[in-house]
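Quick one, structure for this:
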Amino acid sequence: MEEVSYKTVTPEAFSKLDHAAVTLVDLREPDEVLVHGIEGAINIPFSQFATRLDEIPRKKPVYVFCRVGDWSEQMAEILADRGYDVAHLAGGYQALRKYLEGEGTTPPPAESIQKPAERTLIDAKGLKCPGPIVKVADWLRDKPEGTQITVEATEDAFYSDIRIWCERTGNRLDSLHFENGVIRAEITRANPKGAPSAAAERNDKTFVVFSGDLDKAIAAFIMANGAAAMGRRVTMFFTFWGLNILRRPEKTGAVKSFIEKMFGAMMPRGTKKLGLSRMNMLGAGPRMIRWIMKEKGISSLEELIESAKAHGVRLVACQMSMDIMGIHKEELLDGVELGGVSTFLGSGENSDMSLFI
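I've put the predicted structure just below:
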């Protein structure tokens, strides 16, 4: 008979474990863990086990447990095959709880049962991309490690976005559910020791905004806000027709030559005058797009620009293009920098993504 490569422990033996000397892995769903958790255990739901094996350290003996002991036995065998010193709890947490409630002879350790954690509810229902992610990032930004929140959102894209956001920012996604049209994500604020910084990974983002079309400008600022919400340094470099996005809507009294005045008269002044790249329909298309965005609760381009500025997105106007097109510095929105090719290249060299829009 083949020798079993993992151990099985009784509830009594499990209750006597020194938690500092072992690694506990809880295979139950997060909602069960919140109500009946064990202090110090790593929660890796059975459904996620295959993709999260690397989270289980090898330096200490590993004890896995689930609700009734069936899943933990399977996972113990898998871990043993991968060289872990592993054991599973016979009968699972139900057997342990029954033992601790008085059917055994050993009293439970005072620290062994974890009290349910209190989570703050973040209501992101009705918000559209990048609104939900930005709201989560803003709320957690100055909170201490270990802060726990529950986020509720109704935009389908949030189901994917929050997973990636947690993965790339180092925060822990404890659970993610979709029910009755509402996506509920439970997150714990985390900053893993030894995790590389965004600068070390060259995770900056650079966008060259060449187009002055409304639809392309909206797309550029949605991506910029999303990247900023992930803690990335973002530079948006506006050149040629993209400069019109940064123009003030009102006249500024800038002294211009005849050619500069002609250019200025033919170009849109500010975001409210931008047309669409397709189906502009003599200006009817942009009005329709803005109406639809308002009806669906999507931030307007003007709101996206203000959000980007508030979250540290760097807006750079190409000086050379301004000179060609007769745009003066006083015509630009507040907070816009002037730069040239070196500014763009310097940003691009520290980025893992440079997009030309």
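
just the helices in the protein please.
Ranges of helices in the chain, per DSSP state H, are 11-15, 30-35, 70-81, 92-98, 131-140, 158-169, 214-229, 258-266, 284-295, 301-310, 319-325, 341-349.

how many neighbours does the residue nearest to Pro30 when sequence neighbours are not counted have?
In space, and not counting its chain neighbours, Pro30 is closest to Ser175: 3.7 Å by CB to CB, 6 or more residues apart in numbering. Placement of C-beta: from N, CA and C, glycine included. Using other CB atoms under 10 Å, Ser175 has 17 other residues around it.

Quick check, Arg148 in contact with Glu118.
Careful, residue 148 is Gln; it's not Arg. Yes: counting by CB atoms under 8 Å, Gln148 touches Glu118, with 7.2 Å between them.

Could you check which of these two has the larger neighbour count?
Of the pair Gln148 and Glu118, Gln148 is the one with more neighbours under other CB under 10 Å, namely 16 against 7.

Now Ala190. Nearest residue, chain neighbours left out?
Leaving aside its chain neighbours, Ala190 sits nearest to Arg172 (4.7 Å; criterion: CB to CB, 6+ apart).

For the one you found, list each beta-bridge partner.
On DSSP bridges, the residues paired with Arg172 through beta bridges are Thr188.

Tell me which residues touch it, please.
Counting by CB atoms under 8 Å, 6 or more residues apart in numbering, Arg172 makes contact with 166, 187-188, 190.

and which of the residues you listed is nearest to Lys205?
Lys205 lies nearest to Cys166 out of the contacts of Arg172, by CB to CB, at 18.4 Å.

ok, that closest one to Ile133 distance?
Applying CB to CB, to the nearest Å, the value for Cys166 to Ile133 is 10 Å.

The two - which one has more neighbours?
The residue with more neighbours, out of Cys166 and Ile133, is Ile133; 26 against 20, by other CB under 10 Å.

Nearest residue to the more buried one in space, please, no chain neighbours.
Ala229 is the one closest to Ile133 (CB to CB, 6+ apart), at 4.7 Å.

Burial check on that neighbour, number of neighbours?
Neighbour count for Ala229, taken as other CB under 10 Å: 23.

what sits against it?
Shown in contact with Ala229 (CB under 8 Å, 6+ apart): 130, 133-134, 136-138, 165, 311.

Pick the one among those closest to Tyr84.
For these, the nearest to Tyr84 is Trp165 (30.4 Å; CB to CB).

which residue packs closest to that closest one, ignoring adjacent ones?
Nearest one to Trp165, counting by CB to CB, 6+ apart, is Ile133 at 5.5 Å.

Just the residues contacting stretch 144-160, thanks.
Contact partners of stretch 144-160, identified using CB under 8 Å, 6+ apart, comprise 117-129, 131-133, 136, 139-140, 162, 174, 176, 178, 181-191.

Number of residues surrounding Ala137?
Here the number of neighbours of Ala137 (other CB under 10 Å) works out to 20.

just checking, it touches Gly231?
Yes: Ala137 lies in contact with Gly231 (CB under 8 Å); the separation is 7.5 Å.

tell me, what's touching the two both at once?
Thr169.

I'd guessed Leu338 sits against Glu330; true?
No: the pair Leu338 and Glu330 does not pass the contact test of CB under 8 Å, sitting 11.7 Å apart.

By mean pLDDT, point me to the weakest helix or strand of the protein.
strand 113-114 (a mean of 45; mean pLDDT, DSSP states H and E).

and the gap between Asp323 and His88?
Using CB to CB, one gets 72 Å for the distance from Asp323 to His88.

Contact partners for Gly339?
Gly339 sits next to 237, 316-319 when contact means CB under 8 Å, 6+ apart.

run the last query once more with 6 Å
Gly339 makes contacts with Val316, as judged by CB atoms under 6 Å, 6 or more residues apart in numbering.

for Pro132, same thing?
Neighbour list for Pro132: 124, 153, 158 [criterion: CB under 6 Å, 6+ apart].

mind checking how far the first one is from Gly91?
Applying CB to CB, the value for Ala124 to Gly91 is 40 Å.

next one: the last one
Phe158 sits at a distance of 38 Å from Gly91 (criterion: CB to CB).

and what of the second one?
When distance is defined by CB to CB, Ala153 is 38 Å away from Gly91.

who has more neighbours, those two?
Neighbours around Ala153 and Gly91, counted as other CB under 10 Å, are more numerous at Ala153. The numbers are 27 against 22.

Quick check: the more buried one vs Lys309, distance?
Counting by CB to CB, the gap from Ala153 to Lys309 is 24 Å.

go on, Lys98?
Separation of Lys98 from Lys309 (CB to CB) stands at 58 Å.

Kindly report the same for Ile133.
17 Å.

Wait, Ile42 touches Val25, no?
Yes: here Ile42 reaches Val25: they are 5.2 Å apart, a contact under CB atoms under 6 Å.

neighbour-wise, which of the two wins?
Set Ile42 next to Val25 and count neighbours by other CB under 10 Å: Val25 wins out with 25 against 15.

so what's that one bridging to?
Ile42, Val64.

Spit out the contact partners of it.
By CB under 6 Å, 6+ apart, the contact list for Val25 reads 42, 44, 64.

Tell me the predicted confidence for Ile56.
According to the prediction, Ile56 has pLDDT 89.

for Thr10, same thing?
Predicted confidence (pLDDT) for Thr10: 90.
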